[in-house]
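Trainee: need coordinates for the following:
(2 chains)
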Amino acid sequence: MLEINISRKIYYNKSGGTEALKQVYLQVKPGEIIGLFGENGAGKTTLLKSILGFEHYDGQILLDGEKIGKSNIARLSFATCEHSFFSNLTPEAHKEFYQMHFKTFREKRFEALMKFFELPTKKTLKNYSVGQKNQFEVIMALCQGADYILMDEPFAGNDIFNRTDFYKVLLGILEPTETIILSTHLIEEVEHFISRAILLNHGKLVGDISIMELEEQEKNLINYMKETYNYNPFHVKEILDALSEKE
Amino acid sequence: MVFYKFKDPAKYFPPGYAYENEWKTVKFLWIVGAGFSLQYFADLYTAVNQLYSYQNNRRVLNIHAVAPTFLELIAGHWIFYIPLFLFLILMIAFHYFYYYNNTKSIYLMRRLPGAVLLKSCAQASVLGICITLISWIVLYFLYCGIYFMVIPKKCLP
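Mentor: Numbers count the residues shown, from 1 in each chain, chains lettered A, B, ... in the order given. You can find the predicted model right below:
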């Protein structure tokens, strides 16, 4: 289980500091597929990077009771829209690199996913399209053999058909103990695929609900989010009216 | 040349790193360092000549002449290795920042078990420094041997 207890994460700058995360307390159980939502700057990426140990924060994050360090970091994988592969290498070379460093690397899954998405294995990644690069990034995160797979807006730049394919494949290949934390803005797309939704707002945890609970309450995720964020549906109309009055 | 023995230098650099120009620079600076150390022979030649005088067009050893010590002669001839050492150290930074270029492969490197990141950044430089030090020692003893060969025993300090 992943236990996240972050009391505060501050980014310091010339004008002082910005609180990126505050009082984020979460428990992530094996097998969960979590959607991590929030507006830009809500703290989604910071949270994922804090879990991976890329960010300093006040608090602690434990993986099965142990601090995350060199001994257990391989149990986490990460797919990011910034891409974390080596652009001068081919997928084949990446496979060898991962096999060398991750004993749990899932070769069969790698071959199957590369074939499914028709990605050339001998082409250097810098020559891939953005969509292909995203696919490859996610494939590597899924094939590392990690128990906790963190994804930070991995499908930015992929078309809807491509994304839909990915959700289906993902549901088909994941083992019951594999856990996914997926940060995304594509709420409606992932609603039927995730088991739990976590909502961040200005660095604070403002919502944490299972999809089952939502169904019991006969709500959908979008409406739950609108309620949580106090979304004002008349906001746009008010602005447009105000603009037209001025003119 | 000792560097040519490493048939696959790529394995000493970060994955996918375009090492060719860097490797060429290292080899060039090594040659410059070793090349300039040859100046020692010019100093040695002068020192030997000063031990002799010419009488009736004959070169005669001055019995009371004392040659400079080997350390005095060799001093300053290793200075041209400094650019190589600085470059080798700078390479560690190049390799680290490579992981931030184009993609953020630093995220992958930082997730690897063990000290893979440190090793990938530093091993080419450490190897270069070791080879340079070894070649330095070899040249030192070679030059030392030549010193004792060409300086007459009577004139040794």
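
Trainee: am I right that residue A:145 falls within a helix?
Mentor: No. Residue A:145: not assigned to a helix; according to DSSP: H, G, I helix; E, B strand; the rest coil it is coil.

Trainee: does the spatially closest residue to it that is not a sequence neighbour count as helix, strand or coil?
Mentor: Nearest in space to residue A:145, with sequence neighbours left out and distances taken as Cβ to Cβ, 6 or more residues apart in numbering or on different chains, is residue A:104 at 2.6 Å. C-beta coordinates here come from the backbone N, C-alpha and C atoms, glycine included. What three-state DSSP gives for residue A:104 is coil.

Trainee: wait, what's in contact with residue A:104?
Mentor: Listed by Cβ atoms under 8 Å, 6 or more residues apart in numbering or on different chains, the contact set of residue A:104 reads A:74, A:144-146.

Trainee: most surrounded residue in these?
Mentor: Neighbour counts for the contacts of residue A:104 peak at residue A:144, which has 25 neighbours (criterion: other Cβ atoms under 10 Å in any protein chain shown).

Trainee: just the strands from chain B, written as ranges.
Mentor: Secondary structure of chain B by DSSP state E: the strands cover B:52-55, B:58-61.

Trainee: make JSON lines out of these and add mean pLDDT, mean neighbour count and distance to chain A.
Mentor: Compiled in JSON lines, those are given as follows (pLDDT from 0 to 100; neighbours: other Cβ atoms under 10 Å in any protein chain shown; distance: least, Cβ to the nearest Cβ, whole Å):
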{"stretch": "strand B:52-55", "mean pLDDT": "86", "mean neighbour count": "11", "distance to chain A": "61"}
{"stretch": "strand B:58-61", "mean pLDDT": "86", "mean neighbour count": "10", "distance to chain A": "63"}
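
Trainee: distance check, the residue nearest to residue A:145 against residue A:12.
Mentor: Residue A:104 sits 37 Å away from residue A:12, going by Cβ to Cβ, to the nearest Å.

Trainee: where are the low-confidence patches of the chain?
Mentor: I went with chain A, as the question did not name one. For chain A, the stretches flagged by pLDDT under 70 are A:246-247.

Trainee: could you do chain B instead?
Mentor: Chain B contains residues with pLDDT under 70 at B:1-7.

Trainee: return the distance of the helix ranked longest in it from the chain's centre.
Mentor: Under DSSP state H, the helix in chain B containing the largest number of residues is helix B:116-150. Relative to its chain's centre, helix B:116-150 lies at 6 Å (Cα atoms, centre = their mean, to the nearest Å).
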